[in-house]
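S.K.: coordinates only, sequence not included:
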Ligand code: A2P
């Protein structure tokens, strides 16, 4: 699996390249569990690790990266500004200190709390200071993008949203991609609840793959960067084995048909909390 990174990245508007597959560590406990998951992922060839200030596990992520022996410049490290705080530049310095690195590769506004634009000058300051090689957003709608672009000096490079065949949000994906923003999927397995779906399971059987691999592969074929989360070694390994098969048009069409969002331009279903 050592060639995941080189074989499979997408260019960002800022000039760097983001891996198509990464490990998400949302809801991974700080300490041994998180360190172990990140270590296993790096050993398996993952080169993108996605954390956040709100996850409270940046220390463990940083320790695992240092202990892995993988050179820092080979790893794409994302963290996110917690918008309950006020100063993205200050919080970026704190994140970098906790992570024990000189910079992160991507710094996202975690969700548009208080509106989509107020945090952006501070995000740009973190970018200008070299604390973040690229900046972007998470849980932003099409409406939020329009507001942000009206004020941005540095364009957002990424929007990270919950995306899966069931949460396809095609209107959102198409608009952001047309604006040169890479779309990234968190919870591609629906935090596990999509794994038992009859259509997903049937397609998995047809390809002799796991339901998780089918959902992750769907995201790859939609040109998304995708962040499956697991704390289990075997799952971390098999979730990355998605570059040696392809879903055909019929399978992709069946999966597309599972969309429950009506091709929405929103980032979340109405009434949903950011963190659910
Ligand atoms: P665990 O971390 O115990 O392995 P998502 O990526 O959509 O957020 O989904 C994460 C959930 O899916 C977690 O509960 C994770 O459990 C589980 N999961 C991740 N990969 C697999 C897999 N290959 N098979 C079954 N469950 C998985």
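M.R.: Alright, I've got the coordinates. Not measured: the values here are computed from a predicted model. Residues are numbered from 1 along each chain as shown.

S.K.: which stretches of the stretch 101-250 of the chain form helices?
M.R.: Under the criterion DSSP state H, counting those that start in this stretch, helices of the stretch 101-250 of the chain are mapped to 120-128, 142-151, 170-178, 198-207, 211-221, 233-239, 249-256.

S.K.: Just put the ones you listed in TSV and tack on mean pLDDT.
M.R.: Putting the helices of the stretch 101-250 of the chain into TSV (pLDDT from 0 to 100) gives the following:
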stretch	mean pLDDT
helix 120-128	98
helix 142-151	96
helix 170-178	96
helix 198-207	98
helix 211-221	98
helix 233-239	97
helix 249-256	98
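
S.K.: deepest of these, which one?
M.R.: With neighbours defined by mean count of other Cβ atoms under 10 Å, none of these is more surrounded on average than helix 211-221, at a mean of 23. C-beta here means a position set from N, CA and C on the backbone, and glycine is covered the same way.

S.K.: helices or strands next to that one in the packing?
M.R.: Helices and strands touching helix 211-221, as assessed by 3 or more Cβ pairs under 8 Å, 6 or more residues apart in numbering; DSSP states H and E, comprise helix 198-207, strand 225-227, helix 233-239, helix 249-256.

S.K.: Contacts for the third one next, please.
M.R.: When you say that, I think you mean helix 233-239. The set of residues external to helix 233-239 that reach it, using Cβ atoms under 8 Å, 6 or more residues apart in numbering, is 1, 23, 37, 40-41, 44, 46, 210, 212-213, 216, 228, 230.

S.K.: Which of the residues you listed are buried, as a ChimeraX select command?
M.R.: To isolate in ChimeraX the members of those that are buried, counting by 16 or more other Cβ atoms under 10 Å, one can use:
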select :23,37,40,41,44,46,210,212,213,216,228,230
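
S.K.: which one among the contacts of helix 233-239 gets closest to residue 108?
M.R.: Distances from the contacts of helix 233-239 to residue 108 were compared by Cβ to Cβ; the smallest belongs to residue 23, at 15.9 Å.

S.K.: Which pLDDT value goes with residue 8?
M.R.: On the pLDDT scale, residue 8 is placed at 88.

S.K.: ok now do the closest residue to it other than its chain neighbours, which residues does it touch?
M.R.: Taking Cβ to Cβ, 6 or more residues apart in numbering, and ignoring the residues beside it in sequence, residue 8 has residue 20 as its nearest neighbour in space, at 4.4 Å. When contacts are counted by Cβ under 8 Å, 6+ apart, residue 20 touches 8, 9, 10, 220, 224, 225, 226.

S.K.: Swap in 10 Å and give it another go.
M.R.: Under the criterion of Cβ atoms under 10 Å, 6 or more residues apart in numbering, the neighbours of residue 20 are 4-5, 7-10, 48, 182, 184, 216, 219-220, 223-226, 242-243.

S.K.: Buried subset of the residues you listed, written for PyMOL?
M.R.: A single PyMOL command suffices to select whichever of the contacts of residue 20 are buried according to 16+ other Cβ under 10 Å:
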select buried, resi 4+5+8+9+48+182+184+216+219+220+224+225+226+242+243
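
S.K.: now, which of the contacts of residue 20 lie close to the ligand?
M.R.: On the criterion Cβ under 6 Å from any ligand atom, none of the entries of the contacts of residue 20 sits beside the ligand.

S.K.: one step back: dump the helices and strands packed on helix 211-221 to CSV, plus distance to residue 65.
M.R.: Conversion of the helices and strands packed on helix 211-221 to CSV gives the following (distance: least, Cβ to Cβ, whole Å):
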stretch, distance to residue 65
helix 198-207, 32
strand 225-227, 16
helix 233-239, 15
helix 249-256, 33
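
S.K.: any idea which helix or strand carries residue 94?
M.R.: Secondary structure from DSSP states H and E places residue 94 in helix 88-99.

S.K.: Could I get the buried residue list for that helix?
M.R.: The neighbour-count check on helix 88-99 (16+ other Cβ under 10 Å) flags 88, 89, 91, 92, 95, 96, 98, 99 as buried.

S.K.: Tell me the spatial nearest neighbour of residue 260, not counting adjacent residues.
M.R.: Nearest non-adjacent residue to residue 260, counting by Cβ to Cβ, 6+ apart: residue 166, 5.3 Å away.

S.K.: List the contacts of that neighbour.
M.R.: Under the criterion of Cβ under 10 Å, 6+ apart, the neighbours of residue 166 are 190, 193, 194, 197, 199, 200, 215, 255, 258, 259, 260, 261.
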